[in-house]
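In: quick one: sequence plus predicted model below, questions after.
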Amino acid sequence: MNMTHTGTQEAFGSRNLYAQFGYGMPPVRTGDMPGAGWTPPRVQHFPYGTGPQTAMLAPPARVVRAVEKVCVLGDSAVGKTSLVRRLAMDRFEEEYVTTVGANVLQKRIRLQYPEQGLQFRLLLQLWDVTGQKGADLNPAFFRGASGALVVGDAQRIETQIELWKWIERFRRVAGPVPVVLAVNKTDVMDLGAFDFLLMDDISAEYDCFYLLTSARTGERVESAFHMLCEHLVRTKYLNTFRGGRAC
């Protein structure tokens, strides 16, 4: 720096810190230059690690990129395809089309973990697997999956009971990977008739969360997949997950 102090810039150089980072001396106007009755401009002080300069001091997050296969499972007509389309394309179609085999869509999701200094950028490969009774489910549908969203219909208790079987069938191939349960079609359900005890039992048995979702309105659809991704990241990469009710 030029130390001759021949002008305002040199005499009050610390004000540049204020302009850039929000601390140091505020800008000085020509009328505020030393003279009769002049007082120095107020200086703002922030404790280390707080205030506007915090972002400048915090280390950048390490980015972890991963491709994760996620299966969406459940009985026929529970809304699996609608949930996947709502997440991946943000759209809902009233017309029902039976899934044959498996359809695959993709969705990118970011998760932040400031305490660990990590940011996860996940590319989800969403495998929408047929739920037709008697369908020959190829083990390849489940093989290599990092997790599953297992779906029941809020108005059909039998599809909720079947969640046990879907989890067992899936984990026999994929192993003890994370599962989140979604009870779908809550936009047309009778909450008073819903069996919370059944879902609590399944959730406790498999140490997983469940949510009430609606593919039609979009309610909790993103939350369900984000919760699965959180579970996936914590068990696969951070190993700090604990389950429970989440509806």
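Out: Okay, I see it.
In: and stretch 66-85, average pLDDT?
Out: Mean per-residue pLDDT for stretch 66-85: 95.
In: ok, which stretches of the protein are helices?
Out: For the chain, applying DSSP state H gives helices covering 8-11, 15-21, 54-57, 80-89, 157-161, 163-174, 196-206, 221-233.
In: Asn184 is nearest to which of those helices?
Out: Relative to Asn184, the nearest member of these by CB to CB is helix 80-89, separated by 6.4 Å. C-beta coordinates here come from the backbone N, C-alpha and C atoms, glycine included.
In: any chance you could give me the closest one in CSV, C-alpha atoms only?
Out: Taking C-alpha atoms only, helix 80-89 is exported to CSV below (Å, rounded to 0.1, in the frame of the first residue of the first chain):
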residue,chain,number,x,y,z
LYS,A,80,-45.9,-45.8,-7.3
THR,A,81,-45.6,-44.5,-10.8
SER,A,82,-47.5,-41.3,-9.8
LEU,A,83,-45.0,-40.7,-7.0
VAL,A,84,-42.0,-41.2,-9.2
ARG,A,85,-43.5,-38.9,-11.9
ARG,A,86,-44.4,-36.2,-9.3
LEU,A,87,-40.8,-36.2,-8.0
ALA,A,88,-39.0,-36.5,-11.3
MET,A,89,-41.2,-34.4,-13.5
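In: follow-up on the earlier one: including mean neighbour count and distance to Asp136, could the helices of the chain go into TSV?
Out: Listed next are the helices of the chain as TSV, based on neighbours: other CB atoms under 10 Å; distance: least, CB to CB, whole Å:
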stretch	mean neighbour count	distance to Asp136
helix 8-11	13	78
helix 15-21	15	64
helix 54-57	10	55
helix 80-89	22	18
helix 157-161	17	20
helix 163-174	17	12
helix 196-206	15	25
helix 221-233	22	26
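In: want to try CSV for those, with distance to Arg108 as columns?
Out: As requested, the helices of the chain are arranged in CSV below (distance: least, CB to CB, whole Å):
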stretch, distance to Arg108
helix 8-11, 47
helix 15-21, 33
helix 54-57, 25
helix 80-89, 10
helix 157-161, 30
helix 163-174, 22
helix 196-206, 27
helix 221-233, 11
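In: over to stretch 208-227 now: how far is its first residue from its last?
Out: Using CA to CA, to the nearest Å, the gap from the first to the last residue of stretch 208-227 comes to 10 Å.
In: could you spell out which stretches of this protein belong to which domain?
Out: Domain ranges of the chain: 9-57, 62-238, per automatic domain parsing.
In: quick one: closest of the helices of the chain to Gln112.
Out: Closest among these, once you apply CB to CB, is helix 221-233, at 10.7 Å.
In: would you mind telling me which of the helices of the chain is nearest Arg65?
Out: helix 221-233 (12.3 Å).
In: Arg62: what's it in contact with?
Out: Contacts for Arg62 (CB atoms under 8 Å, 6 or more residues apart in numbering) come out as 117-119.
In: scratch that, Phe225 is what I was asking about
Out: For Phe225, the contact set (CB under 8 Å, 6+ apart) comprises 70, 87, 107, 109, 124, 149.
In: for the fifth one, which non-adjacent residue is spatially closest?
Out: When you say that, I think you mean Leu124. Among residues not flanking Leu124 along the chain, Lys107 sits closest, at 4.7 Å (CB to CB, 6 or more residues apart in numbering).
In: equivalent analysis for the last one, please.
Out: If you skip the residues right next to it in sequence, Leu149 has Val72 as its closest partner in space, 4.9 Å away by CB to CB, 6+ apart.
In: quick one: the strands in this structure?
Out: Secondary structure of the chain by DSSP state E: the strands cover 62-74, 102-113, 118-129, 147-153, 179-184, 210-212.
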